[in-house]
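sharing a model that was predicted from the sequence below.
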Amino acid sequence: MSHPVDQVFANIVVGSDGCTTLHGTSAGLSSPEDRRRFHALRSTVDYLLIGGNTARTEPYKKTPVPLIVMTRGEMPHEVASNPLARKVSGSIQEVLENLQGVVLVEAGPSILGAALKEKLIDKLFVTVTKMSSNENCINIIEFTEGYVAESREVVGDEEFITFTPSK
């Protein structure tokens, strides 16, 4: 890894068809168990990192830790009203080089995909739900290329997979 942060985690929920949104947001794909795990993971980090598209579609008005928003555009009013939100620009690698501690990437497939390609993610937490929407789809096998499934757990209709970089 070529970033100075202690660890970089990432979290994403996908439908059975690889969709990453339902009616424009990831919240529609999430379940109570997914949210419980999501919030538990958030409680272990120093920063949340999102992109401009995520800032425009997801509720980040209040966050438990500083929110780093990677965007060239303006932050939406709701996100800009978050006193812990800070707008930055540059590549994911450049942004991570300027952070210290533990970062949780909650960005969408574009930013997260770039971070995975550069092997900047130490652990990727993926929730696969039974829902499908054909919105913003990814091929999970291609998306996680260079990573291996470290653990898998099925709870109800969902599968929780943790990926780490392959050696």
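Good, I have the coordinates.

name the residues that touch stretch 28-43?
By C-beta atoms under 8 Å, 6 or more residues apart in numbering, the residues outside stretch 28-43 that reach it are 9, 11, 13-15, 19-22, 48, 64-65, 104, 125, 127, 129, 131, 133, 155-156, 158, 160. For glycine as for every other residue, the C-beta is placed from the backbone atoms N, C-alpha and C.

repeat that for 7 Å
For stretch 28-43, contacts defined as C-beta atoms under 7 Å, 6 or more residues apart in numbering pick out 9, 11, 13, 15, 22, 64, 104, 125, 127, 129, 131, 155-156, 158, 160.

what residue ranges in the protein score low on pLDDT?
Along the chain, segments meeting pLDDT under 70 span 1-4.

enumerate every residue touching the residue most central in space within the chain.
Residue closest to the mean C-alpha point of the chain, counted by C-alpha atoms, centre = their mean, is residue 106 at 2.5 Å. Residues near residue 106 by C-beta under 7 Å, 6+ apart: 11, 48, 49, 50, 54.

shouldn't the second one be within a strand?
Yes - applying DSSP: H, G, I helix; E, B strand; the rest coil, one finds residue 48 inside a strand.

next, count neighbours for it.
Look at residue 48: counted by other C-beta atoms under 10 Å, it has 23 neighbours.

wait, doesn't it sit right on residue 69?
No - counting by C-beta atoms under 7 Å, residue 69 is not a contact partner of residue 48; they are 9.2 Å apart.

how much space separates the residue nearest to residue 11 when sequence neighbours are not counted from residue 132?
Leaving aside its chain neighbours, residue 11 sits nearest to residue 125 (4.7 Å; criterion: C-beta to C-beta, 6 or more residues apart in numbering). Going from residue 125 to residue 132 by C-beta to C-beta, to the nearest Å gives 20 Å.

more neighbours: which of those two?
Taking neighbours as other C-beta under 10 Å, residue 125 and residue 132 compare with residue 125 leading, 20 against 15.

so who does the more buried one touch?
9, 10, 11, 41, 162.

what's the answer for residue 164, then?
123, 147, 148, 150.

how about the third one, secondary structure?
Spelled out, it's residue 148. Going by three-state DSSP, the state assigned to residue 148 is strand.
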